[in-house]
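Asks: predicted coordinates and the sequence they were generated for:
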Amino acid sequence: MMKRTTSRLIMAILILSVVGADLVQAKPVSRQRVTTWAMREGWDHGNAGDSFAAEFIMTAKDLVQHLKTLPSTELKGFKIETLIGAIETTTVRSEPVLYYEDGREVEGINKPEQKLILINRRMWRENRVETETLHRYTFVLHEYLWIMGIDDTQYKVSAPIVALLPVKNYDPSKWWNPLNPVNYLTLNLIYNSGGCSLEGASFNLAKTEEMVMVETKGDCGDDYRKVVIAKSSLTAPPSSNARGTFHRYQVAVLDRDGNNLGQLTYEPEWGRCLGPQTGACASSGKMLVGGVEIIFWLRP
């Protein structure tokens, strides 16, 4: 009976339909600044209109997580909440190549009055090189600082801030697909008599579909639990203005007889956890289902 009930539940999880929710877009309503090549020397939404713009915004969202590790006194007078607001309300578009009005090729042009950032695809491809990680962060912060009304001429604000971050070089191609990577779930019993344990569950970011089952070990009695986790992969809908895939997780908790004690569907926030270089990133808070505490993580 237990096997038959469990099989039915697993099948139900696998065939459960999933629909991507449309993300709300803010429409843009002068002083403009440009970022030149020479200056280099010195998921939710954010209106990403193409893959280059999406990567720019993903970098910004990753940067926010890093900035939260710094004392507020190191932020040179701006608030992280203001940066988050700029990311959410600024339109980002890419062009094959970008020139300023004097004919110079530039990495980016920002137009604060229009809440608009334009980026140069050719130069962004060079920024995606693993060794350009620090410049990627600096360039992105630089553009948003101007949108926020902060003078960042010659990176005088952005460069010192990024220099304080514990950022290591990494390949963004590995970590930006999916848009909401999770590779580990912490699983703990809420009530435990002491002789019963529940291990975590690992996932492979490169796989689009996975099914993982974890059950308690030891002398559990009524504390026995089996956790069934199904990961599915979906393509970001056109209405999201992002390109790529995202993962969704369906979790069910069973008792020893295969009875369903609870279930949930969870889609990690897009762009919350991207880079692995700062250690583990918690994608969720504690979720309580069927007597089990669950936390979603991205681990190095």
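Replies: Nice, thanks for sending it over. Numbers count the residues shown, from 1 in each chain.

Asks: give me the pLDDT for Leu141.
Replies: With respect to pLDDT, Leu141 scores 96.

Asks: and what about it, helix, strand or coil?
Replies: helix (DSSP: H, G, I helix; E, B strand; the rest coil).

Asks: that one touches Ala163, doesn't it?
Replies: No - the pair Leu141 and Ala163 does not pass the contact test of CB atoms under 8 Å, sitting 11.3 Å apart. For every residue, glycine as well, the C-beta is placed using N, CA and C.

Asks: higher neighbour count, the two?
Replies: A count of neighbours by other CB atoms under 10 Å puts Leu141 above the other of Leu141 and Ala163, at 25 against 11.

Asks: so what's that one up against?
Replies: 60, 63, 83, 152, 158, 161-162 (CB atoms under 8 Å, 6 or more residues apart in numbering).

Asks: same question, Pro96
Replies: Contact analysis of Pro96 by CB under 8 Å, 6+ apart lists 121-122.

Asks: ok, it to Arg121 distance?
Replies: Distance from Pro96 to Arg121, counting by CB to CB, to the nearest Å: 5 Å.

Asks: cool, and Glu209?
Replies: Distance, Glu209 to Arg121, by CB to CB: 32 Å.

Asks: and these two? Which one has more around it.
Replies: More crowded of Glu209 and Arg121, by other CB under 10 Å: Arg121, with 15 against 10.

Asks: which residues touch that one?
Replies: 52, 94-97.

Asks: which elements pack onto whichever strand or helix holds Thr82?
Replies: Following DSSP states H and E, one finds Thr82 within helix 80-89. Contacting helix 80-89 under the criterion 3 or more CB pairs under 8 Å, 6 or more residues apart in numbering; DSSP states H and E are the following elements: helix 51-67, helix 133-147.

Asks: need the least confident one among those helices, by mean pLDDT.
Replies: Minimum mean pLDDT among the helices and strands packed on helix 80-89: helix 51-67, a mean of 84.

Asks: just want the angle from the helix holding Thr82 to helix 51-67.
Replies: Relative orientation of helix 80-89 and helix 51-67, computed by axes from the mean of the first three to the mean of the last three CA atoms, to 10 degrees: 170 degrees.

Asks: what residues sit buried inside helix 80-89?
Replies: Within helix 80-89, the residues scored as buried using 16 or more other CB atoms under 10 Å are 82-84, 86-89.

Asks: go through those residues and name the one nearest Asp223.
Replies: Closest to Asp223 out of the buried residues of helix 80-89 is Ile84 (41.2 Å), distances taken as CB to CB.

Asks: got the contact list for that closest one?
Replies: By CB under 8 Å, 6+ apart, the neighbours of Ile84 are Val64.

Asks: confidence score at it?
Replies: According to the model, Ile84 scores 91 on pLDDT.

Asks: tell me what the closest residue to Leu254 other than its chain neighbours is bridged to.
Replies: Nearest residue to Leu254, sequence neighbours excluded (CB to CB, 6 or more residues apart in numbering): Lys226, at 4.4 Å. Taking DSSP bridges as the rule, Lys226 bridges to Glu215, Leu254.
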